[in-house]
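> here you go, sequence then predicted model.
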Amino acid sequence: MGGARSRRVALFTPLPPAETGTADYAAALISELRKLVDLQVFERVPLRFRPAAFDASIYQLGNNPHHAEIYRMALKHPGVVVLHEANLGDLIRGITSNDEAAYSREVIYEIFGHELEKLPDPGLIEAGPQPRSFTMLRRVLSRSTGCIVHSHSVADEVRRAGFRGKIGRIPHGAQVQRIEGAAWRSRLGIAPDQPVVGMFGYQRPDKQACDCLLVFHQILRRFPGARLLIAGKPHPEVPIEERIAALGLHGNVHDLGFQTLADFDGLIAACDVVLNLRYPTFEETSGTMMRAFGLGKTVVISDNCANRDLPDNICVKIPVDEFQGRVLEECLLWLLADRAITSSIGEAARQWVADTCTWERVARSYADFLFPPVGGTVSSPVSLNGHAPEFFAEYLNRWAAPESPGYDYLSGHLARLVKTLGMIPRGADNSRILEMGCYLQITPALRNLLGYGEVRGCYEGCGGSERRVVHARDGEPFECEIDLFDAEVDPFPYAGGHFDTVLCCELLAHLSQDPMRMMNEIHRILKPGGILVLTTPNAASLRAADAILKGKHPALYNNRYPRPPAPSPEALRARHVREYTPGELVSLLCDSGFVVTRIETGRYGSENFPDVASTRDLLARCGRSVELRDDCIFAAARKAAIPKNRYPSWLYDD
């Protein structure tokens, strides 16, 4: 790493005994990182800090009050932030406690990426209610020089929040340990041959402790001597003791409360299986899970988000769906029946830690991220999925023959199509994406560039489906199944939770009867945490304002009636029935059960309308914001389990 040893680094972090996992993480990292750089650790923010005295500053951020001062410091003196999960919502709620106006400003910034003073009047930017899963990452990322994460899923969230800086994906560290759990079993009166299952850490609602207790109750029919260890503070909303009593489990469950780190490790070592389910998740990588891997234990985890980065042979992944309880029960019966199985999985986990994420390896990755070796590079993708806009534009042009209708459409919408592709998360062989209103223009890129294993389209029709084929200029074929139905009337022909991503581009403005019907169906067919990318014309654009000033209709285009007496279906489909403002789109998404992660505006093509400059100047002279005034709104939102409003009053008559 060259001269990295002499580099001065400031690290801002909580430390033990602070009851936060980030404190334990930092304590383990510091001892190894000090071997590589001149490290000064700040557990408290100093009254005077001179950034110029350091070559780099690192801010370790967690979603709890222990990080409030560190968060403010990261805004004041930009540096590299470390995110252990893709959410700072609870932290920001704490910082803005008892100040609803301050909290609303943070919500507005998170969604729109601008300060309130720079945005249109509040009536145009209603932020809507936001649940705990609202990430609140955008402000600190806008002030950061780099970001360190543990998983691809958190990296995706960071990109989705608009961050275009350097991201380092460094695995959560772990220590390879061999601890005999017999002593801890003996203390609890557990015999060596009794099966033991454990749940560890702060028992928040998302860890599903009560659901696991119910499954454990079923396990006792087969293994009446089995024991369950619960080590960690209970959350006020998780009635563990009440559930233990209701199920009659007092003789089989040891509710041990908070433990020292040494006893924590010993109790993990005493287990045959460790349960570490998470839903909903903030994409976090569990420190408890990593400790268990280093101890050579079989861990049962939820098959979602950051956990999908883990090799399948080092853990047992449980689907997050209506069958979760049944699958968990069958897996535990299988694992507890033969210790050779748990030993094999546990040893694979311990070896994986040794090969990939010991604290020595993690510290080296930190140092290389901060100070890349001579000749070394750190990848910095320019979009959520790692492709440059120019690359997308060149690729799309391959699939449109010059002088064809498709080429004309591509030319007029190229900027929109390129920006849309840049907002779509990466896919994988087992991931699915649906493109609504599919013209087969960006569709080949969804598979060939973004990697989705299943790419499906849909279009207005009377049922059934058809296989369509398009060819690139060089002859490469692309096939896609297109389902035909009416998105406002028909049930979508897909199972609930089928898709990872749905694209709804330039369709919303054409709906004439019941847009919430379509939005609710999109919510239904997305997986938990699935992403909706939506684009639609901007009713509050500079073009619309200019049209009104000139006495014209503000709709972008196609606001005329089709000619009677018998308009063609194509003419009816082409009409814009209702265009939306950016704020209305936020309300639509929130009312449909989505958490909005990003709202931006941009162009459709390469040209602005002739009077854009004079219209912008006029709005500015009148004291009106010129932000969010481009022709097209781009939105990204995440499916969440939050209340819906089927007929919002701002959209429907009573």
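Perfect, I can see it now. Computed from a predicted model, the values in this text were never measured in an experiment.
> gap between the residue nearest the centre of the chain and residue 598?
Centroid check for the chain by CA atoms, centre = their mean gives residue 157 as the closest residue, at 4.3 Å. With distances taken as CB to CB, to the nearest Å, residue 157 is found 10 Å from residue 598. For the C-beta atoms, the positions are set from N, CA and C on the backbone; glycine is no exception.
> equivalent analysis for residue 481, please.
From residue 481 over to residue 598 (counting by CB to CB), the distance is 29 Å.
> quick one: which of these two has more around it?
More crowded of residue 481 and residue 598, by other CB atoms under 10 Å: residue 598, with 20 against 14.
> partner strands of the helix or strand harbouring that one, with direction?
Following DSSP states H and E, the helix or strand that holds residue 598 is strand 594-602. Partners of strand 594-602 in the sheet, by DSSP bridges, are strand 632-639 (antiparallel).
> CA-only coordinates of the partner strand in CSV, if you can.
What follows is strand 632-639, C-alpha atoms only, in CSV (Å, rounded to 0.1, in the frame of the first residue of the first chain):
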residue,chain,number,x,y,z
CYS,A,632,-40.5,14.5,-17.2
ILE,A,633,-40.9,13.3,-13.6
PHE,A,634,-38.7,10.3,-12.6
ALA,A,635,-39.7,8.5,-9.5
ALA,A,636,-38.4,5.5,-7.6
ALA,A,637,-40.3,3.9,-4.7
ARG,A,638,-40.0,0.8,-2.5
LYS,A,639,-42.9,-1.5,-1.7
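> ok so, going back, chain neighbours aside, what residue packs nearest to the residue nearest to the centre of the chain?
residue 86 (3.6 Å; CB to CB, 6 or more residues apart in numbering).
> secondary structure class for residue 81?
Assigned by DSSP: H, G, I helix; E, B strand; the rest coil, the conformation of residue 81 is strand.
> would you mind identifying the next helix or strand past the helix or strand of the chain with the lowest mean pLDDT?
Least confident helix or strand of the chain, by mean pLDDT, DSSP states H and E, is helix 569-574 with a mean of 68. Following helix 569-574 in sequence order, the next helix or strand is helix 582-591 (DSSP H and E).
> re the thing from before, so how far is residue 460 from the residue nearest to the centre of the chain?
Distance of residue 157 to residue 460, given as CB to CB: 33 Å.
> in three-state terms, label the residue of the chain most remote from its centre for me.
Most distant from the centre of the chain: residue 565, at 49.5 Å, with distances by CA atoms, centre = their mean. Secondary structure, three-state DSSP: residue 565 is coil.
> and it, what pLDDT?
Predicted confidence (pLDDT) for residue 565: 78.
> got the contact list for residue 417?
Going by CB atoms under 8 Å, 6 or more residues apart in numbering, residue 417 touches 392, 396, 410, 441, 442.
> C-terminal to the one helix or strand residue 407 maps to, what's the next element?
Element membership of residue 407 [criterion: DSSP H and E] is helix 405-423. On the C-terminal side of helix 405-423, the nearest following helix or strand under DSSP H and E is strand 432-436.
> show me this structure divided up by domain.
As recorded under automatic domain parsing, the domains making up the chain are 4-88+135-169, 182-356, 389-536+558-606+630-639.
> CSV for those domains, including distance to residue 621?
As requested, those are exported to CSV (distance: least, CB to CB, whole Å):
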stretch, distance to residue 621
domain 4-88+135-169, 28
domain 182-356, 44
domain 389-536+558-606+630-639, 20
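> how close does residue 419 get to residue 85?
Taken as CB to CB, the span from residue 419 to residue 85 is 28 Å.
> compare these two (neighbour count), which wins?
residue 85 (26 against 20).
> what's the separation between the more buried one and residue 54?
Separation of residue 85 from residue 54 (CB to CB) stands at 26 Å.
> likewise for residue 46?
Separation of residue 46 from residue 54 (CB to CB): 12 Å.
> neighbours of residue 397, how many?
By other CB under 10 Å, neighbour count at residue 397 equals 15.
> in what element of secondary structure is it found?
helix 389-398.
> in that helix, what's buried?
Buried residues in helix 389-398, counted by 16 or more other CB atoms under 10 Å: 391, 392, 395, 396.
> and for stretch 361-375?
Using 16+ other CB under 10 Å as the test for burial, stretch 361-375 gives 361, 362, 363, 364, 365, 366, 367, 368, 369, 370, 371.
> does the fourth one count as helix, strand or coil?
In other words, residue 364. Strictly by three-state DSSP, residue 364 counts as helix.
> what sits closest to it if chain neighbours are left out?
Counting by CB to CB, 6+ apart, the residue nearest residue 364 is residue 36, at 6.7 Å.
> hang on, the one you found in a strand?
No. Counting by three-state DSSP, residue 36 falls outside a strand, being coil.
> tell me how many other residues crowd it.
20.
> likewise for residue 208?
Residue neighbour count, defined by other CB under 10 Å, stands at 23 for residue 208.
> where along the stretch 151-300 of the chain do the helices fall?
For the stretch 151-300 of the chain, the helices defined by DSSP state H, counting those that start in this stretch occupy 152-160, 182-187, 209-219, 240-246, 261-269, 287-294.
> mean neighbour count, those helices: which tops it?
helix 287-294 (a mean of 25; mean count of other CB atoms under 10 Å).
> that one packs against which elements?
helix 21-33, helix 261-269, strand 273-276, strand 298-302, helix 339-356 (3 or more CB pairs under 8 Å, 6 or more residues apart in numbering; DSSP states H and E).
> got TSV for these, with distance to residue 321 and mean pLDDT too?
Formatted as TSV, the helices and strands packed on helix 287-294 follow (distance: least, CB to CB, whole Å; pLDDT from 0 to 100):
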stretch	distance to residue 321	mean pLDDT
helix 21-33	27	94
helix 261-269	28	94
strand 273-276	17	98
strand 298-302	10	97
helix 339-356	23	97
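> okay, those in JSON lines with distance to residue 530 next?
Formatted as JSON lines, the helices and strands packed on helix 287-294 follow (distance: least, CB to CB, whole Å):
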{"stretch": "helix 21-33", "distance to residue 530": "27"}
{"stretch": "helix 261-269", "distance to residue 530": "33"}
{"stretch": "strand 273-276", "distance to residue 530": "22"}
{"stretch": "strand 298-302", "distance to residue 530": "15"}
{"stretch": "helix 339-356", "distance to residue 530": "28"}
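> out of those, flag the one nearest residue 175.
Proximity to residue 175 (CB to CB) singles out helix 21-33 among these, at 6.8 Å.
> touching that closest one from outside, list them.
The contact list for helix 21-33 (CB under 8 Å, 6+ apart) reads 9, 11, 13-17, 39, 41, 60-62, 66-67, 84, 172-173, 175, 201, 261, 287-288, 359-360, 362-363, 366-367.
> buried subset of these?
With burial judged by 16+ other CB under 10 Å, the buried subset of the contacts of helix 21-33 is 9, 11, 13-15, 39, 41, 60-62, 66-67, 84, 172-173, 175, 201, 287-288, 359, 362-363, 366-367.
> so which of those residues belong to strands?
9, 11, 39, 41, 60, 61 (DSSP state E).
> doesn't residue 54 make contact with the fourth one?
No. Using CB atoms under 8 Å, residue 41 and residue 54 do not qualify as a contacting pair, with a distance of 12.0 Å.
> where are the low-confidence patches of the stretch 1-150 of the chain?
The model of the stretch 1-150 of the chain has pLDDT under 70 over residues 1-5, 116-129.
> again, only this time at 80
1-6, 19, 116-133 (pLDDT under 80).
> the helices in it, which residues?
Using DSSP H, counting those that start in this stretch, helices in the stretch 1-150 of the chain cover 21-33, 68-76, 89-95, 100-112, 138-142.
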